[in-house]
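>>> from the sequence below, what's the structure:
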Amino acid sequence: MGIRIGLIGAGRMGKVFANTVANSVAEADLVAVADPDPGILDEVATRYHIPVKFTDYHELLNQQDIEAVIVATPTSTHAEVVIAAAQAGKQIFSEKPLSQDLQACDAAIAAVNKAGVKLQMGFMRRYDPPYAAARQKILDGVIGTPVMFKATSRDPKRTSLEFARRENSGGLILDMGVHDFDLARWLMDSEVTRVFSEGTCLAFPELKEVGDIDNVVVNLRFATDAIGNIDMSRNAVYGYDIRTEVLGTEGSLWIGYLQQTPTLVLTRNGVTHDTVPYFMERFATAYAEEIRVFVHHILNNTSPEVTGADARAATAIGIAATRSLDEGRPVQVSEVER
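Residues are numbered from 1 along each chain as shown. Down below sits the predicted model:
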């Protein structure tokens, strides 16, 4: 028997983690699942042969034989579930973000620290081989001192209107951008101190009805005085487009690609290639690796590298960037701490 894991939340990301534990993590066993929707609960429990299921996640937390939990509930509930899991003495892996609210982040981190349990956050791009290799090359000084960060995050379709509401997901900037905010801090090895956002809603005007946008550019200033730029979009009709560049004093690193397979088709009509369809096709390896690392931390009693503090820092940048969008001005990240 491996580490006995309970899954809390069986929606889109819950299914990703269920599949990962069931098929890619030999040292773990998925022994229980909780979700308030009986239909989804039955579907996931049956597909992944999960023996115990609950509609109330508190009942799952009460199971003494469960050592760890994966939190894949709606964004707005992450912090409360993490707090309850910590109080139940479970080791915790939580999908990002920890919360859209810094006070909730602080409460969750405090609960984890008080209970003495582990909390690893789901910033899976850190476990993607190209991003991990880029980070090591930066640490090795291959490109010198990083001076500029550039990132593109574009989804091929818009999310549901209900999910797009800020109270549910945090909106485009916080929901999608939180990965890039984390990468910016990690790859540049510096905190973001100031942001300035410009956004629009032209591709899907219905998003205006729920207070969201479909395209945004966020400019960054780092504590090192380096600069950065992130563009995010919900209408990359050509495919899932995730790319990052770090420019240094001695060179540049490019991470990411549009091609799904390394094949070009050359005909009299021109040159074509396929594109990455969506996030699972691009980051399947990273999702599996982050759970394997989480399990290894439990087995070896070591501390996760991606912590609640990292999640809080990325959330603070997202909150500041959202405020900048709303107020049409540069915002110091320190402002949202007040």
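>>> which strands or helices does the longest helix along the chain pack on?
Across the chain, the longest stretch assigned as helix under DSSP state H is helix 279-300. The contact analysis (3 or more CB pairs under 8 Å, 6 or more residues apart in numbering; DSSP states H and E) places helix 279-300 against strand 3-8, helix 12-24, strand 68-71, strand 91-95, strand 119-122, helix 129-139. In this view, the C-beta of every residue, glycine as well, is placed from N, C-alpha and C.
>>> which among these is found nearest to residue 204?
When these are compared by CB to CB, helix 12-24 sits nearest residue 204, at 19.3 Å.
>>> now the helices and strands packed on helix 279-300 in JSON lines, with mean neighbour count and mean pLDDT?
Formatted as JSON lines, the helices and strands packed on helix 279-300 follow (neighbours: other CB atoms under 10 Å; pLDDT from 0 to 100):
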{"stretch": "strand 3-8", "mean neighbour count": "24", "mean pLDDT": "98"}
{"stretch": "helix 12-24", "mean neighbour count": "19", "mean pLDDT": "93"}
{"stretch": "strand 68-71", "mean neighbour count": "26", "mean pLDDT": "98"}
{"stretch": "strand 91-95", "mean neighbour count": "26", "mean pLDDT": "98"}
{"stretch": "strand 119-122", "mean neighbour count": "28", "mean pLDDT": "98"}
{"stretch": "helix 129-139", "mean neighbour count": "16", "mean pLDDT": "94"}
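>>> in TSV: the ones you listed, plus distance to residue 198.
Output for these, formatted as TSV (distance: least, CB to CB, whole Å):
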stretch	distance to residue 198
strand 3-8	37
helix 12-24	29
strand 68-71	33
strand 91-95	28
strand 119-122	28
helix 129-139	26
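>>> among the ones you listed, which is nearest residue 214?
Using CB to CB, those put helix 12-24 closest to residue 214, at 19.7 Å.
>>> what mean pLDDT does the following helix or strand past the closest one get?
As assigned by DSSP states H and E, the chain's next helix or strand after helix 12-24 is strand 28-34. The average pLDDT within strand 28-34 is 97.
>>> please apply the same query to stretch 205-223.
The average pLDDT within stretch 205-223 is 96.
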